[in-house]
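Peer 1: sequence unknown, structure follows:
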């Protein structure tokens with residue numbers, strides 16, 4: 001089940017540029033059977049970060065990564081993730097899972113909204129555009145990092161709309177660019193949890209192995225389904241909301 005869970009995480013990361021991380025904790029707790037919410041967060045963060053790095057290679061070859069925007073967003077996010085991870089470790093595990101479920105419901109609902117910003121395929125971070133883009137990239141990256149670190153997620157489904165809001169880059173570019181930040185935030189969160197002993201390295205290795213295979217399939221399917229992107233987003237949003245409701249109910253029952 002661990003390999004299959006890793007495959008699903010990698011598949012979603014490669015397919016839509018995020019979401020694998022938001023499913024990692026519920027999969028580890030309720031499918032794999034990791035007994036501690038904190039251990040699930042730390043272990044999942046490592047797998048998500050490495051799987052994101054693997055998927056990033058494919059997107060880089062396709063030319064969909066805007067590296068300068070990604071670097072600034074990731075740098076701000078890393079600071080937020082380090083702070084958020086410390087705060088998350090101080091929260092009771094069951095309460096953390098319940099809050100995580102609420103976040104999933106909110107993220108899923110936000111995915112159902114149609115984006116109204118006119119995309120700018122040629123947007124670049126340069127000396128000329130820095131005065132406009134940096135005041136957007138830095139605070140949004142910091143906020144996403146705080147949430148990612150607190151909940152132990154890569155933050156892909158927060159990063160993709162965040163990048164689009166900050167720069168108006170098209171969805172295809174935001175998906176590829178987001179993986180830089182997903183990897184950076186995941187490694188930051190994982191490092192914090194590993195130092196506190198909250199990582200199961202065997203499970204992490206199996207998740208990564210499954211994720212590499214899933215990521216390859218996800219990138220290929222993403223290209224094939226590019227014309228049906230809205231249908232794909234809506235379908236996955238439904239899954240995220242349903243899992244979020246389940247996690248909230250389980251957390252409330254335990255409480």
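Peer 2: The structure has been received and is ready for your questions. Nothing here was measured: the structure is a model prediction, and the numbers come from that model. Residues are numbered from 1 along each chain as shown.

Peer 1: burial count for residue 41?
Peer 2: A count of nearby residues for residue 41, using other CB atoms under 10 Å, gives 33. In this view, the C-beta of every residue, glycine as well, is placed from N, C-alpha and C.

Peer 1: gap between it and residue 212?
Peer 2: As for residue 41, its distance to residue 212 is 21 Å (criterion: CB to CB, to the nearest Å).

Peer 1: Can you list phi and psi of residue 105 for me?
Peer 2: phi -60, psi -40 (degrees, to the nearest 10).

Peer 1: ok, residue 121 touching residue 169?
Peer 2: Yes - here residue 121 lies in contact with residue 169, judged by CB atoms under 8 Å, at a distance of 7.4 Å.

Peer 1: after the helix or strand containing residue 143 comes which helix or strand?
Peer 2: Using DSSP states H and E, residue 143 maps to helix 130-151. Next in sequence after helix 130-151, counting helices and strands by DSSP H and E, comes helix 156-167.

Peer 1: Phi and psi next, for residue 215.
Peer 2: phi -60, psi -40.

Peer 1: Just the angle for the helix holding residue 143 relative to helix 156-167, thanks.
Peer 2: Helix 130-151 and helix 156-167 are oriented at 160 degrees to each other (axes from the mean of the first three to the mean of the last three CA atoms, to 10 degrees).

Peer 1: quick one: helix 130-151 to chain centroid distance?
Peer 2: Mean C-alpha position of helix 130-151 versus that of the full chain (CA atoms, centre = their mean, to the nearest Å) differs by 14 Å.

Peer 1: How about it, which residues are buried there?
Peer 2: When neighbours are counted by 16 or more other CB atoms under 10 Å, the buried residues of helix 130-151 are found to be 133, 136-138, 140-151.

Peer 1: cool, and stretch 206-216?
Peer 2: Using 16+ other CB under 10 Å as the test for burial, stretch 206-216 gives 206, 207, 208, 209, 210, 211, 212, 214, 215, 216.

Peer 1: Equivalent analysis for stretch 158-168, please.
Peer 2: Neighbour-count burial for stretch 158-168, with 16+ other CB under 10 Å as criterion, is recorded at 158, 159, 160, 161, 162, 163, 164, 166, 167, 168.

Peer 1: Which single one of the buried residues of stretch 206-216 is nearest to residue 36?
Peer 2: Minimum distance to residue 36 across the buried residues of stretch 206-216 is 16.0 Å, recorded for residue 207 (CB to CB).

Peer 1: So the closest one versus residue 143, what's the distance?
Peer 2: To residue 143, residue 207 is 27 Å away according to CB to CB.

Peer 1: ok, residue 77 - contacts?
Peer 2: Contacts for residue 77 (CB atoms under 8 Å, 6 or more residues apart in numbering) come out as 141, 142, 144, 145, 148, 155, 159, 181, 184, 185, 188.

Peer 1: any idea how far residue 55 is from the second one?
Peer 2: Okay, so that is residue 142. Distance of residue 142 to residue 55, given as CB to CB: 24 Å.
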